[in-house]
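> Dropping the sequence and predicted coords here.
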Amino acid sequence: MYPVSDDPIVYFSEASVFQKHNLVLTKVNLSISKGEFVYLIGRTGSGKSSLLKTMYAELPLIEGEGQIAGYNLRSLRPDDVPFLRRKLGIVFQDFQLLEDRSVEDNLAFVLRATGWKDKVLMKERISEVLEEVGLFTKGYKMPHQLSGGEQQRVAIARALLNKPGIILADEPTGNLDPETSNGIMKLMMNISENGQAVLMATHNYNLIHKFPARIIKCEEGTIVSSGNSLS
């Protein structure tokens with residue numbers, strides 16, 4: 001297992017999270033270490049997705065301190081956002097794959113968009129991430145030819161392409177059955193054990209019981225640490 005680092009990859013101090021002009025979360029104090037797995041829980045509308053969007057700079061941070069993957073979110077310029085997102089892996093509930101191209105072409109599209117040019121190196125990296133998520137033989141398939149669990153594994157492979165320091169996963173098992181969800185969770189835990197932090201928003205408390213890890217909760221307009229317990 002990769003040792004959890006004392007050097008935080010995510011750090012927020014007295015931060016406020018806004019959706020447009022609406023205050024969603026206040027007094028956000030949070031630190032996530034490299035290689036740590038953390039659950040983000042809370043009711044629908046409690047601010048989980050807004051916090052994640054602030055981390056990947058879809059929402060600006062305008063009050064308090066916030067840093068992720070070496071980037072200061074308060075002083076982040078628009079030109080810096082693509083470079084920040086190369087340091088992050090983002091996984092959504094609905095996969096967001098390009099339906100008109102194969103798995104390999106989905107991944108190649110991301111590599112080209114993030115500055116890769118050497119076709120040999122691109123092919124090698126695509127093979128590496130597909131093997132990591134257990135889809136080494138499925139690169140030629142179209143997304144509609146895959147199960148929901150396989151499509152989410154492609155989405156995770158896409159998030160891993162640029163070797164990010166942290167994976168931000170917003171309800172990655174939300175559209176999946178329990179058995180498939182367990183497989184995705186084992187994969188996400190393995191990613192964390194290999195040294196990449198994982199912050200996973202979820203409503204699925206059964207998974208938290210099966211795969212215990214540190215929990216933070218969006219509650220009453222702020223976030224609180226719940227340790228490793230849902231109570």
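Arrived safely, thanks for sending.
> only C-alpha atoms for contact and neighbour calcs from this point on.
Fine.
> can you list the domain ranges for this protein.
1-87+166-177+191-231, 90-163 (automatic domain parsing).
> weakest of those in terms of mean pLDDT?
The stretch with the lowest mean pLDDT among the domains of the chain is domain 1-87+166-177+191-231, at a mean of 90.
> how far out from the middle of the chain is that domain?
In terms of CA atoms, centre = their mean, to the nearest Å, the centre of domain 1-87+166-177+191-231 is set 9 Å apart from its chain centre.
> that older thread, any chance of TSV for the domains of the chain, columns distance to I184 and mean neighbour count?
Converted to TSV, the domains of the chain look like this (distance: least, CA to CA, whole Å; neighbours: other CA atoms under 10 Å):
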stretch	distance to I184	mean neighbour count
domain 1-87+166-177+191-231	7	18
domain 90-163	7	18
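> could I get the ones you listed as JSON lines with distance to M185?
Shown next, in JSON lines, are the domains of the chain (distance: least, CA to CA, whole Å):
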{"stretch": "domain 1-87+166-177+191-231", "distance to M185": "8"}
{"stretch": "domain 90-163", "distance to M185": "11"}
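> wait, doesn't G35 sit right on Q196?
Yes. Assessed by CA atoms under 8 Å, G35 is found in contact with Q196 at 4.6 Å.
> hang on, the earlier thing: the domains of the chain: which one's closest to G183?
domain 90-163 (8.2 Å; CA to CA).
> bridging residues for the residue nearest the centre of the chain?
Among the residues of the chain, the one closest to the centroid is L168, at 1.7 Å (CA atoms, centre = their mean). Here L168 sits in beta bridges with I90, L199, going by DSSP bridges.
> Relative to F95, how far out is it?
According to CA to CA, to the nearest Å, L168 and F95 sit 13 Å apart.
> same thing with G47?
The gap separating G47 from F95 is 21 Å, by CA to CA.
> Next: Y11.
Distance, Y11 to F95, using CA to CA: 27 Å.
> those helices in the protein, which residues are they?
Under the criterion DSSP state H, helices of the chain are mapped to 48-55, 81-86, 103-113, 119-132, 148-160, 178-193, 205-210.
> Take those and lay them out in TSV including distance to Y140.
Shown next, in TSV, are the helices of the chain (distance: least, CA to CA, whole Å):
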stretch	distance to Y140
helix 48-55	32
helix 81-86	25
helix 103-113	6
helix 119-132	11
helix 148-160	12
helix 178-193	21
helix 205-210	31
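> nearest to K217, of those?
helix 48-55 (8.4 Å).
> Residues contacting the closest one, please?
The contact list for helix 48-55 (CA atoms under 8 Å, 6 or more residues apart in numbering) reads 17-19, 24, 40-42, 59-61, 68, 73, 168, 170, 201, 218.
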